[in-house]
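**Student:** Okay, here's the prediction I keep looking at, along with the sequence it came from:
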Amino acid sequence: MRVLVTRPLRDAGRTAAALAAAGHEAMLAPVTRIEAVSTEIPQGPFAAVIATSAHAFEFLKAADVARLRDIPVFCAGARTAEAARASGFADARVPAADVAALLAGFDAPPGAVLYLAGRDRKPALEDGLRANGRPVEAVIVYAAAAVNALPQSALAALRAGQIDAVLHYSRRSAELFLALAHAGSAEGALTGVAHVCISEDAAAPVVEAGLSARMAVTPDGAGMLAALNGGGSRFQGSSDPA
């Protein structure tokens, strides 16, 4: 299959390599780009750090890492934990693949939590922690800024019917992709494409647009690949491409 990868360029290379190893061809069509957000990390004290993306560690100052390095870091996803360790954090844990499971497995000592967050996010993690009586200090350290257009090569491939599947990693990125495809006069080609989504939430805009979506077997790269190869749940839209 020829697959559009909508992730930011910083992440898309790993996805492209995984697709190639599985016999697919990747075409990069990022709908966001990762940017640093200049901010100060509070002094705390903190009982734990939480991160849901590897990007949370890309732009931290060395002095902040040195000050926080021995605090346990609770990560959503193995890649996030790898980034935490590479940045210098000594105790990076992977209790979950997603936010819901992270909340269920959060067992840090009592005290406030530092959340290294992205700018465009849902409040589920913060709300869940506070509902359990846990003070949370959310600090925005990066932003996934929307791009202005899809690459012309991707739009041309879509319009020519040369794309077999698109990978959607969040509700926001799916919404952005659909809008950018429309702006590039490629929306008519989307009914013949397999839309592989990491979650039901990511699939919602696809289904609302009258398209069919496949949900990942698990909310990670391996689950996306399994769904691309025919596994996973399907949400009925206007078509169900093979």
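**Tutor:** Good, I have the coordinates.

**Student:** State the phi and psi torsions of Leu225.
**Tutor:** Backbone torsions of Leu225, given as degrees, to the nearest 10, read phi -70, psi -40.

**Student:** Give me the neighbour count for it.
**Tutor:** As a burial measure, Leu225 scores 21 neighbours (other C-beta atoms under 10 Å). Any C-beta I mention is one placed from the backbone N, CA and C, and that applies to glycine too.

**Student:** ok, now which ones touch it?
**Tutor:** Neighbouring residues of Leu225 by C-beta atoms under 8 Å, 6 or more residues apart in numbering: 18-19, 22.

**Student:** again with His55
**Tutor:** 10, 34, 83, 118, 141-142, 144.

**Student:** Among the contacts of Leu225, which one sits closest to Gly44?
**Tutor:** Using C-beta to C-beta, Ala18 is the member of the contacts of Leu225 that lies nearest Gly44, at 37.5 Å.

**Student:** From what I see, that closest one and Ala226 are in contact.
**Tutor:** No: counting by C-beta atoms under 8 Å, Ala18 stays clear of Ala226, with 11.4 Å between them.

**Student:** what about Arg67, how many residues close to it?
**Tutor:** Neighbour tally, Arg67, other C-beta under 10 Å: 14.

**Student:** ugh, wrong one, I meant Ala66
**Tutor:** 10.

**Student:** Quick check: it is in a strand.
**Tutor:** No: counting by DSSP: H, G, I helix; E, B strand; the rest coil, one finds Ala66 to be helix, located in no strand.

**Student:** Tell me how far it lies from Ser87.
**Tutor:** 11 Å (C-beta to C-beta, to the nearest Å).

**Student:** Contact partners for Ala54?
**Tutor:** By C-beta under 8 Å, 6+ apart, the residues touching Ala54 are 11, 77, 79-80, 82-83.

**Student:** Inside strands: which ones of those?
**Tutor:** In strands, judged by DSSP state E, none of the contacts of Ala54 are found.

**Student:** Neighbour-wise, which one of the residues you listed leads?
**Tutor:** Result: Thr80 is most packed of the contacts of Ala54 (other C-beta under 10 Å), 24 neighbours.

**Student:** Report the spatially nearest residue to the residue nearest to the spatial centre of the chain, omitting neighbours in sequence.
**Tutor:** In the chain, the C-alpha nearest the mean C-alpha coordinate belongs to Tyr169, at 5.0 Å (C-alpha atoms, centre = their mean). The spatial neighbour of Tyr169 that comes closest, neighbours along the chain excluded (C-beta to C-beta, 6 or more residues apart in numbering), is Ile198 at 5.1 Å.

**Student:** so what pLDDT did the one you found get?
**Tutor:** Model confidence at Ile198, given as pLDDT, is 91.

**Student:** try Leu68
**Tutor:** At Leu68, pLDDT is 93.

**Student:** OK, contacts around it?
**Tutor:** Neighbours of Leu68 in contact, by C-beta under 8 Å, 6+ apart: 41, 44, 46, 49, 89, 114.

**Student:** related to what we said a few turns ago, residues contacting the residue nearest to Tyr169?
**Tutor:** 168-170, 215-216, 219-220, 223-224.

**Student:** Sketch out the low-pLDDT regions of the protein for me.
**Tutor:** For the chain, residues meeting the criterion pLDDT under 70 lie at 95-97, 231-242.
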